[in-house]
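Student: what follows is a protein structure lacking sequence information:
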C-alpha cells in the first residue's frame, strides 16, 4: 500500500528559514516504520531552493526515487488577484499528479499556513476519490464571515478540510473544539500525541506514525468502474477482416460476435470489401477516412497490430485517435519498413529504431543494411507508448516487452480465443480427404518456413523406420510453402524419394479444407525456433480439435500447460521428436486421453466468452486512466480560456508534461557535448570524447541508452536540447531527418558531463541548470581530465587557473566525478576537500576513475614526406635518438630537456634529440633558442606538422621516447610508444607510474643535470642491452575503456545486455 | 428678532462650531508671536457670537473676553464657560484703557454696523491696542460675484458689503502701521483645478476676507510678523477670471487645429479618389483589349482546326483507297512473315533482358545482405563511378537498398511551429491536447 505525503508545509517553513517541522519528522518516522508499505513524498516545484534541502534531509531514510516533484507555472500566491487563474490551474495539476501516483492514502498538513506563500493545498478538486488525511497544527486566525481575500481563502480551506476522510489534530488544539468549528462529526477528528511544546519527541512521533498506518490499513469502499451505467459504449474496431489473408482477420471474425455483447461495434478497415456474413449483418463497416473525421462518435477504440503491410494505415491513425492496441506480433519491423519505403509515413522505421533502441540501431541501419535491423530490432516502442493500453496474447510477449523496453512496459495478457470445435466427425473428414480410417495422420499446420523447423520434422519422420515404412503413416504440411531456398530445398527433398512419399505438402488451403484436416488428423506437430513473440494460433487449433499435439517450448508455446500436450525442450534433438511420434503411434488410448485434456483446456481457458470478458475488463481499465486524463485536460483547458491573460498555455503544457509519469522505454544517460557541437577544435580531449562516445554508444548498459545533448539558450532560458544531428554526422550517417528538440529529463535518468566545456558549465551552473536537474532526481556526473591549470598555473595564460577552478567548483556540487586516472582522482579529492562547494546532501562527491583507450588509429592516415626526410632519418639511425612527441607547451618540460642535451652535447656524447610537435603558447623564448641552436639539423631536429607516414618512420628510427612532462592527466604518449615498441624514459609522475607500471624507466628531478644523468644511465643500459622494453605494457582498447567507464559510472549493475542473440542470426 | 432666531439661523447657515474653529486657525500664526512680546495677552472679541474664537484663543493662552448683544448666543457661550458678556460692543471698546489689549477682533461683525460706527471702531481699536497689537476684522468678500449679489443678503441684519480696499484704506487712514488682506474660505481644490467651469468663476473666489491691521511698534518687533504678512492668501476674482480666459483660449486653439487637420485629410481623400478612378478606368481598358485579342485567337484556332479536319478526311480516303487496292492485298503474306520474325527477335531479347535482370537482382540481394561482400564490391566499383551510380540507382529502384538521399530531408523548423520550439515532444503533445479541449469548448 502506498502513502503519499504532501510536503508543501515543510517547504513553506524552509522558505521562512524555519527548519523544524512536524510533517518532516512524521514523514521520517513513517518511513522507518513503514514495513511493506511504500512512503512517497510529493514536493512542489513552486518553492525555489527547498527541494535539494528536503532531498538531503531524507538521504538514507527514503530512496531517491520515492521523492517526486510536481511543477506548475507560478506565481500562485493567493493574495494577488492576478494569480487566480494560475492558482486554479495549479490545483488541478497537483491533484492529477497525486492521482497518477496511485496512492492509497494522502497526508496533508499546514492547510492554513498557505495564504501568503505558494502552497496549493486542496482536496477533491478534480473529483477524484483519493483518501486524504489532514494534519491540523492550528486553525489560523479565524476570518469567518469576512469578505477580504484572506477571509475567503480561510473559508475555502475550511471546506477543503471537511472533505478529508480524517482530521488529525495536534495539541494543544482540542479535537472536540475543532470538530465543532469545522462542523464535522467527532469520529472524523482524532488527536495526535506529538506536542510542539515538548519538541516532538521520538515516542510520540512513533505513536503518530502508527496511527496513520492504522488508518491506511482500513480498507475504503471499493471503487467502481467508469461505466456502470449499463449504457453500451460505441466501440470502433480497427483490424483486417475476411477476406484479407491474415490470421488476425480470422481472429477478429471470431472475437467480434463475443465482444459485441459488451459494446456497440463498428469495424474500420481499408480493404474495400468485407465478406464475413456476421460482420456484414451486425456491424457497420466504415472506411478509414470516414473514421478519421467522425472519431468523436466513439467512446472506445481498439486497434489490432501485426507485422504485415495490411496494418500500415494504422500507425498514422493511432497517432491521431487514441485507442487500446492488441499486439499480435511483438516485432513490428517489417510493416514499419513498408510504411517508410512506400511513403505512407516518412522515416518511420528509422525514427522508431532511434527512439526505441538508440544510436546503435541507427548505425546498424546505415552500415549493415536494412534487412539486419528488421530482424534484430522489434520496433514496437512507438506503438506501445502511443496506445492507451497494450493487450498481448502470452506472458512471453510481455516478458519480451520488459526485456527490450525496461520494467515499465506493462501489457495485459489475454489468451487467444478459440471457438470450440464442432462437427468432429473424423470419418467423414477422412473420407473427404481421401484417407482411410486406420491411417495414422500427422499434420503440421501454418505457413512453412525455416523457423517452423519443417526440415527437422521431416528428418525425424524419415529417421523412424516405423513411420517411414508403414504405409498407413502419413505426414502432411498443411500450409503454403515459403518461396525461398529453404522451401525449394524441402520440395526437392520430397521429390527425390523414389517411392511414393508418405510426406507431402498440401499448400495453402481455404478455411473449410483446413478444418477438414484438423478433424481428420491424429497428431499435430507444431515446432518453432527464434520466436519473435508471435502467437501461434495453429497450436490452439490442434488443441481445440482434440489432437494429440507435440510442440517445443519456444516462445509463447512454453506457457502452455504441460499436461495437455507433449512439450519437448526448446533445443530438442531429432531423436526426441522421433520418440514422441513413435510413442503416439503406438498408444491410441493415450492419444485419445491427451486429446480430450487438450480440448477441455481450450474450452475453458480460451473460451470466447471468457476472453471477451477479459477484453472488456482490460479495455475499461485502460479507458479509466484515459478518461481521468481527459477530465484533467478539459478542466485545465477551461481555466486557460477563462483566464487567458494571466495563464500561458505554453508554460502550462511544459509543466504538465514534466509531471506525467515517464513514458515506456529505456532510460537515458544524457551526455553533454555543448563545446564540441559548436566548435570542433580537434584537441586531444575532443578526440578522446569522440572515441569514448562512439564506444559507449556501441555498447550501452542494460536498461539505458546514451543520448548526446547540448546546452542552448535560444528563447531566453538555458535549456538542454538533443544533439541528434551532431551525433548522426559523428557516426557518418545522413542527418536532417530528426530535429534537435528540447529535452525533458526524467527522474531516475543520469547526466554525464563528458566534454570539457568549462565556460558553458559555469554559466549554466550560475543559472541553476544543474541544481534543477538534481531537484528533479537526475544524477549528475562529470568527467575530469586533469587539474593541470590549477597545479601549474605559471604555464598557462592568466585567468586559466581561475576558470578551471570555477569549473571544478561547479563539479564539486554534482553527485559523482569520474577521472581518467587514479592520480587525477586523488588530486581531485584533495582539491575538493580544500576548495569544494558546501554540499547540502550528507554524502560526499563520489570520485572514481577509469583509463582511456588507445586505439586512436587515424582513419585516413596522411601521407607525404618532406625534402631531406631520408637524410634526417639516416642521421637518427646513426646514433641513439630520443624522441619527444607533442605540442610544445611550457609544462611539457622541453626547456629542461634542451638544457640536459646541451650538457650532453657539450661533453661530446653522441646522442640525438628529435622534437615532433607544433609550437604552442608561452614558449617563444624556447622556440627561438631551438631555431637558432647550433646543433639544429645535426643532432637536434624539430619537426612541425609532419604527416602520419613520416611520423611512423621517425618512430621506427628512434631509440627511446622521452616523456618529461611535468603534469599529465593520463599519459597517452607512453601508450603510443608502447604500440610502436619504443622503450620509454619518463618523469616519475604518479600518473606515468600508473599507466606504464614497470614497463618504463623513470627519472626524477627538475634540473638539467639530473635529466642528463638519467639519460647517461639509460644509454649505459642501452649499450649493455638491458633496456626496459615497453612492448608488453598493458593498454586498453576503446571498447575495454568503455567497459571500465560504465562500471565506474553505474556501479556494479552495468553489464552487456544479452539480447536475443539467436534472433539476430535469422535473416 | 427673537432671542433664539439668530442662533438657530447661524446654526443652519454658518456652519458647525468645529468648522468655524478650524477656519479661524489661520489667524494663529499672526497672533501667536504676540505672546512672546507681552507677558499678558488680553484680547477682546466684538460680537463673539457662539464663542468659537474665544475658545480658540483661550486655548492658545490669551486672556479672552467677548461681548455680544444677543442673549441666545450668550447662552451658548455661558454653557461652555466662556468669558462672554452682554453689552454693546462699541461701548465695551470705548470703556477700555489705552494700550491694554494685544488683539481686538471682529468676526462677521462690521457688516452689521453703519459706516460711522465702523470708523469709530477702528479709531478706538487703535487706541486700546498695545504696540504691534493686531486688529482683525473678517467680513464677507463682495469680490465673489455670488456673495456680492446674493449670499451677502441672506442675513437680514447685514447692512451693505464692504469692499476690502475700503477697509484697508480706513485702517491706514486711521493710523495703523500696516494692514494685510487675507482672503479665506475658498475651496482648496480650486487652486489646482486645471478645468474651471463658468460656475467656478462666478462663485469660486474666496467668499470671506479679513483685514489684519497692526499698530506701529519698533522695527524688530514688527519684523517677527513679516512672514505672515508677506504670504499670499486665498483666491481673488481676478485670478479666477484670468485662468478661465486662458483655458478657453487654449480650447479654442485646439479646436482650430483640429479643424485644420480634418480639412487636410479631407483633401487627401479627395485626391486619392480621383487617382483610384483613373486607375480603374485604365484597367478596364486593358481588360477589354485582352478580351479582344483572345477572341481573335480563338477564331484563328477554330479556322486551323477546320483545315486539319479537312486534311484528315482527305488522308483517310487515300488510305482507304490504298488498303482496298489490289497490290496491298497481294502483299499481305509478306507482311505477316516479317512481323513474326520481328516478334520472335524482340521476345528473345526481352527474355534475355528479363533473365539478365533477375540474375542481377539476385546477385545484388545476395551481396547486399552480406556486409563483407558489399564492402568488397564497393571497393572494386570505386574505380568505375558511373557503373557504381547506375548499380546504386538500379538497387534503389528495386527496393534492395535505401538511398541515402531519400532519408535526408530538410525537415528543420517546417515541422514545428515557431511558438512551440521551446517545447519537448511530450510537452507538445500536452499542448495539442489542451488546445483540442479549448477548441471544442469554443465550438460549443
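Tutor: Looks like it came in fine. Everything quoted here is computed from the prediction, not taken from an experiment.
Student: geometric centre of chain A: which residue is closest?
Tutor: For chain A, the residue nearest the mean C-alpha position is residue A:666 (1.3 Å; CA atoms, centre = their mean).
Student: show the contacting residues for that one.
Tutor: Applying CB atoms under 8 Å, 6 or more residues apart in numbering or on different chains to residue A:666 gives the contacts A:356, A:358, A:405, A:406, A:700, A:703, A:704, A:705. From N, CA and C alone the C-beta is placed, and that goes for glycine too.
Student: local confidence estimate at residue 256?
Tutor: Because you didn't say which chain, this covers chain A. Per-residue pLDDT puts residue A:256 at 92.
Student: chain B is the one I meant
Tutor: Value listed for residue B:256 in the pLDDT field: 95.
Student: just say helix, strand or coil for it.
Tutor: helix (DSSP: H, G, I helix; E, B strand; the rest coil).
Student: past the strand or helix carrying residue A:601, which element shows up next along the chain?
Tutor: Assigned by DSSP states H and E, residue A:601 falls within helix A:588-605. Next along the chain after helix A:588-605, taking DSSP H and E as the criterion, comes helix A:608-642.
Student: just for the stretch 1-150 of chain B, where's the confidence low?
Tutor: B:1-7, B:9-14 (pLDDT under 70).
Student: report the buried members of the contacts of residue A:666.
Tutor: Those of the contacts of residue A:666 that meet the buried threshold are A:356, A:358, A:405, A:406, A:700, A:704, A:705, by 16 or more other CB atoms under 10 Å in any protein chain shown.
Student: ok, of those residues, which one's closest to chain B?
Tutor: For the buried ones among the contacts of residue A:666, the closest approach to chain B (CB to the nearest CB) belongs to residue A:356, at 14.1 Å.
Student: just checking, the closest one touches residue A:664?
Tutor: No - with contact defined as CB atoms under 8 Å, residue A:356 does not reach residue A:664; the gap is 9.6 Å.
Student: show me whatever sits in contact with both of the two.
Tutor: Taking CB under 8 Å, 6+ apart as the criterion, residue A:356 and residue A:664 both touch A:381, A:405.
Student: still on that earlier bit, distance to chain B, secondary structure and pLDDT added to the contacts of residue A:666, as a markdown table?
Tutor: Listed next are these as a markdown table, based on distance: CB to the nearest CB, whole Å; DSSP: H, G, I helix; E, B strand; the rest coil; pLDDT from 0 to 100:
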| residue | distance to chain B | secondary structure | pLDDT |
| --- | --- | --- | --- |
| A:356 | 14 | helix | 90 |
| A:358 | 16 | helix | 91 |
| A:405 | 17 | helix | 90 |
| A:406 | 17 | coil | 86 |
| A:700 | 21 | coil | 89 |
| A:703 | 20 | coil | 86 |
| A:704 | 19 | strand | 91 |
| A:705 | 16 | strand | 92 |
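Student: contacting residues for residue 164?
Tutor: Just going to use chain A. A:108, A:123, A:132, A:133, A:134, A:188 are the contacts of residue A:164 under CB under 8 Å, 6+ apart.
Student: can you look at chain B instead?
Tutor: Contacts were defined as CB under 8 Å, 6+ apart; by that measure residue B:164 touches B:141, B:143, B:181, B:209, B:211.
Student: burial count for the closest residue to chain A within the stretch 1-150 of chain B?
Tutor: Closest contact between the stretch 1-150 of chain B and chain A, by CB to the nearest CB, is at residue B:18 (33.3 Å). Counted with other CB atoms under 10 Å in any protein chain shown, the neighbours of residue B:18 add up to 9.
Student: repeat that for residue B:270.
Tutor: Neighbour count of residue B:270, defined by other CB under 10 Å: 9.
Student: which ones are touching it?
Tutor: Applying CB under 8 Å, 6+ apart, no residues qualify as near residue B:270.
Student: any idea how far it is from chain A?
Tutor: 43 Å (CB to the nearest CB, to the nearest Å).
Student: which helix or which strand is home to the residue in the stretch 201-350 of chain B that chain A sits nearest to?
Tutor: Closest to chain A within the stretch 201-350 of chain B is residue B:350: 23.2 Å, counting by CB to the nearest CB. Element membership for residue B:350 (DSSP H and E) is helix B:332-369.
Student: equivalent analysis for residue B:304, please.
Tutor: Using DSSP H and E, residue B:304 maps to helix B:237-323.
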